[in-house]
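*Asks:* make a model of this:
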Amino acid sequence: MRTPIITIFVICVLIIGLALAFYDYRKHGIRYDKVDISRSQSDSLKNARLAGEEQSYKKNYDAAVAEYEKALKLSPRDAYLRNDLGAAYYYLGLKYMEPPIEEEDFSLGTEIDGRHISKEETIQKFGEALEKVKSGMITVVSNNQLVAKEIESYARPLNHYAHLELEKTDEGVWEYWVTIITGRTKDAFLNAEKQYLTAISLRAVKDTDGRKYSNYSAASRNLGTLYFRMGKKKEAIANWRRALQIEPTDAELRELVDKYER
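*Replies:* Model prediction:
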């Protein structure tokens with residue numbers, strides 16, 4: 001018995017459709033369709049967003065976080081909300097700093113200069129600082145790699161954030177910088193990082209090889225500022241540079257990139 005022509009035609013259409021769907025998935029990944037919300041939910045979203053902005057303006061960052069999170073429950077794929085929530089967490093982290101750090105101040109928290117003292121004295125000073133600083137930042141600089149790695153290895157198992165970065169001075173000398181972040185400041189900064197990265201991912205673009213790049217200047221700039229605080233200076237500059245590629249007329253950002261690239 002011969003298969004009817006119409007059946008063959010339907011099977012061919014299904015095969016072609018599946019092939020096109022698979023190609024689209026390989027090229028673009030899973031697509032998420034926008035979910036409509038009711039008018040009352042839309043009003044709630046708008047009110048929560050405005051309330052978050054108002055609380056941020058008043059520097060009530062705890063309240064701002066609560067409002068933005070309320071808004072994100074209604075619109076979880078809103079990149080702008082994610083960026084605003086990240087900023088609220090970032091400023092909350094600064095608020096928790098001991099000793100306090102001003103928003104415009106890129107100081108290093110409690111600083112320990114181990115370049116001209118012994119290994120034992122450097123580690124002792126670090127231990128004393130860690131006992132004293134319950135929420136905030138400790139920065140240790142040393143010209144001894146073993147000292148820096150020992151401090152980093154000591155801090156991580158205690159649930160502190162620790163990052164080691166190598167820098168070269170103008171005189172050509174290599175120095176090891178260890179950034180330790182503790183307590184509520186650590187939690188707030190890590191939450192800020194998560195929100196910024198999500199915001200960037202939601203608005204990312206792909207090149208011809210499928211590599212993703214940020215297309216959200218504000219989030220990249222904010223992430224760069226956060227990373228600079230966290231001792232990730234190379235990643236900070238990379239994010240600032242990407243933000244500048246998106247917004248090349250931003251004179252303030254260009255000045256920032258030029259200053260720290262040098």
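
*Asks:* from here on, contacts and neighbour counts on C-alpha atoms
*Replies:* Fine.

*Asks:* what ranges does the stretch 151-262 of the chain have for its strands?
*Replies:* 161-168, 174-182, 205-206, 212-213 (DSSP state E, counting those that start in this stretch).

*Asks:* R254 is nearest to which of those?
*Replies:* R254 lies closest, by CA to CA, to one member of these: strand 212-213, at 19.2 Å.

*Asks:* and the closest one, what does it pack against?
*Replies:* strand 205-206 (3 or more CA pairs under 8 Å, 6 or more residues apart in numbering; DSSP states H and E).

*Asks:* which outside residues touch the strand it packs on?
*Replies:* K212, Y213, S214, N215 (CA atoms under 8 Å, 6 or more residues apart in numbering).

*Asks:* list the contacts of the first one.
*Replies:* Contacts were defined as CA under 8 Å, 6+ apart; by that measure K212 touches A204, V205, K206.

*Asks:* export these to a markdown table and append columns for neighbour count, distance to F106 and pLDDT.
*Replies:* Shown next, in a markdown table, are those (neighbours: other CA atoms under 10 Å; distance: CA to CA, whole Å; pLDDT from 0 to 100):
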| residue | neighbour count | distance to F106 | pLDDT |
| --- | --- | --- | --- |
| A204 | 14 | 29 | 94 |
| V205 | 14 | 31 | 92 |
| K206 | 13 | 33 | 89 |
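
*Asks:* can you give me the strands in the stretch 1-150 of the chain?
*Replies:* Using DSSP E, counting those that start in this stretch, strands in the stretch 1-150 of the chain cover 110-113, 136-142.

*Asks:* so what's the gap between the longest one and the chain middle?
*Replies:* This points to strand 136-142. Taking the mean of its C-alpha atoms, strand 136-142 sits 20 Å from the chain's own mean (CA atoms, centre = their mean, to the nearest Å).

*Asks:* paired strands for that strand, with orientation please.
*Replies:* With DSSP bridges as the test, strand 136-142 is paired with strand 110-113 (parallel), strand 174-182 (antiparallel).

*Asks:* distance to P99 and pLDDT added to the contacts of strand 205-206, as JSON lines?
*Replies:* Listed next are these as JSON lines, based on distance: CA to CA, whole Å; pLDDT from 0 to 100:
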{"residue": "K212", "distance to P99": "39", "pLDDT": "90"}
{"residue": "Y213", "distance to P99": "37", "pLDDT": "90"}
{"residue": "S214", "distance to P99": "34", "pLDDT": "94"}
{"residue": "N215", "distance to P99": "36", "pLDDT": "94"}
